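Peer 1: predicted model and sequence follow; I will ask about them next.
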Amino acid sequence: MKTPGRLEERVAIVTGGGGDIGHAIAQRFCEAGARVCLVDLARASTDCFPAEQVLAHTCDVTDPEAVEDMVEAVAQTFGRIDILVNNAAAEAHNATVCELPVEIWRRILDVNLTGAYLLCRAGIPHLRKQKGVILNIASQLGHVTARGHAAYSASKAGLLSLTRTLALDHAEEGIRAVSISPGAVMTDRLIRRAGSEEAAFEQHAPRHPIGRLGTPREIADAALFLVSDEAGFITGSDLLADGGYTLK
Ligand SMILES: NC(=O)c1ccc[n+]([C@@H]2O[C@H](COP(=O)([O-])OP(=O)(O)OC[C@H]3O[C@@H](n4cnc5c(N)ncnc54)[C@H](O)[C@@H]3O)[C@@H](O)[C@H]2O)c1
């Protein structure tokens, strides 16, 4: 009998693979038998992956040609592409609309939303052959918002909407599109912004009814379920993995 959640034979591209959540997703997929390509602006570390199951590509997801070249290189090396994970995100910038420089607004929308569009555009022809899956990493701030998060929230709300349209447009081809909306997850990104792990906990934990932050592994477990055959009837959906953040 097939073990639930196994991804043998499958090939996944994970953008933002140099960050904590992208790295955890790639690692979880590898444990389930997939081969993965970690995509990031700088070469992501592949130290804790089996060499035959991993590739690392440097690629800016906002560059259409670079994304197409990267997708073709992955298809050449691994022979197929089954799963696209749009996880890359620009650094958030806390400011009201009047204070937010237009170039930062553009960069956040470009990386978080246009980057996902570009990877889908390049990757869907490959996904068609495998009846593949697109997984977009959104955020609880795509559902609600927070002061000073205009660009980030708009980009993540856009990603939720893009997920639904992708699901509808490609359902008949057997391609599913889904998203996860994490609450605050204890990552280097969050620790850096807060100043320390303790400060990150104090700042974020009280906003989550569960009383703590999520872990990259918890997001990766949700990701594994959503891209696996066990989620075969789920498309266009968003999975809130936010410790209850959006309940209040
Ligand atoms: N950490 C959290 O609390 C949290 C909460 C909700 C949602 N998320 C989402 O989860 C995802 C991962 O978050 P994380 O905390 O691991 O962040 P992170 O900053 O550690 O990882 C994001 C990665 O994306 C890469 N990246 C940025 N611009 C890129 C570009 N143009 N091309 C290619 N790669 C690029 C960065 O170099 C980085 O390695 C993001 O989409 C984020 O918005 C995170």
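Peer 2: Thanks, I have the structure now.

Peer 1: gap between the closest residue to residue 231 other than its chain neighbours and residue 16?
Peer 2: Taking C-beta to C-beta, 6 or more residues apart in numbering, and ignoring the residues beside it in sequence, residue 231 has residue 225 as its nearest neighbour in space, at 5.7 Å. Quick note: C-beta positions are derived from backbone N, CA and C, even for glycine. For residue 225, the distance to residue 16 (C-beta to C-beta, to the nearest Å) stands at 20 Å.

Peer 1: of the two, who's got more company?
Peer 2: In terms of neighbours (other C-beta atoms under 10 Å), residue 16 is the more surrounded of residue 225 and residue 16; the figures are 28 against 17.

Peer 1: and the pLDDT at that one?
Peer 2: The pLDDT attached to residue 16 in the predicted structure is 98.

Peer 1: that one and residue 39 touch, don't they?
Peer 2: Yes. At 7.4 Å, residue 16 and residue 39 qualify as touching, with contact defined as C-beta atoms under 8 Å.

Peer 1: can you list residues touching both of the two?
Peer 2: Shared contacts of residue 16 and residue 39 (C-beta atoms under 8 Å, 6 or more residues apart in numbering): residue 88.

Peer 1: sheet-wise, list the partners of the host helix or strand of residue 179 with their directions.
Peer 2: Secondary structure from DSSP states H and E places residue 179 in strand 176-182. Here strand 176-182 is paired, per DSSP bridges, with strand 133-137 (parallel), strand 238-241 (parallel).

Peer 1: now the last one, how far from the centre of its chain.
Peer 2: Translated: strand 238-241. Going by C-alpha atoms, centre = their mean, to the nearest Å, the spacing between the C-alpha centre of strand 238-241 and its chain's C-alpha centre is 12 Å.

Peer 1: need the residues that contact it.
Peer 2: 138, 140, 143, 160, 163, 178-183, 214, 218-219, 222, 226, 246.

Peer 1: list the contacts for the closest residue to residue 16 other than its chain neighbours?
Peer 2: Nearest residue to residue 16, sequence neighbours excluded (C-beta to C-beta, 6+ apart): residue 88, at 3.5 Å. Residues counted as contacts of residue 88 (C-beta under 8 Å, 6+ apart) are 15-16, 19, 22, 39-40, 61, 111-112, 115.

Peer 1: wait, which of these is closest to residue 204?
Peer 2: The shortest separation between residue 204 and any of the contacts of residue 88 is 17.1 Å, and it belongs to residue 19 (by C-beta to C-beta).

Peer 1: what sits against that closest one?
Peer 2: Contacts were defined as C-beta under 8 Å, 6+ apart; by that measure residue 19 touches 40, 87-89, 187-189.
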